[in-house]
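[1] Requesting a structural model of the entry that follows:
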Amino acid sequence: MIGHILRRLVSAVLVVIATSMIVFLLFTFGPADPAEQLCSADKCTENGAR
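    Residues are numbered from 1 along each chain as shown. Have a look, this model is predicted:
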């Protein structure tokens, strides 16, 4: 029973790490800054505040 719980915990940690790395890579090597896409000239001031 303890072995099953440990396997599940290790699997959960690996999934969280892999998901974090994928999201980081998508944002790092993505085509543009997400803040720029959300904040166009007509919606935001110069400092980026809404």
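
[2] what residue is smack in the middle of the protein?
    Computing the C-alpha centroid of the chain and ranking residues by Cα atoms, centre = their mean puts residue 23 first, at 3.9 Å.

[3] how close does that one get to residue 12?
    Applying Cβ to Cβ, to the nearest Å, the value for residue 23 to residue 12 is 17 Å. From N, CA and C alone the C-beta is placed, and that goes for glycine too.

[4] again with residue 2
    Applying Cβ to Cβ, one obtains 16 Å for the distance of residue 2 from residue 12.

[5] Between those two, which is the more surrounded one?
    Higher neighbour count among residue 2 and residue 12: residue 12, with 10 against 6, using other Cβ atoms under 10 Å.

[6] Can you classify the more buried one as helix, strand or coil?
    Assigned state for residue 12: helix (three-state reduction, DSSP: H, G, I helix; E, B strand; the rest coil).

[7] burial measure for residue 7, as a count.
    10.

[8] Same check on the one 10 residues further on?
    By the other Cβ under 10 Å criterion, the neighbourhood of residue 17 contains 10 residues.

[9] Thanks a lot, catch you later.
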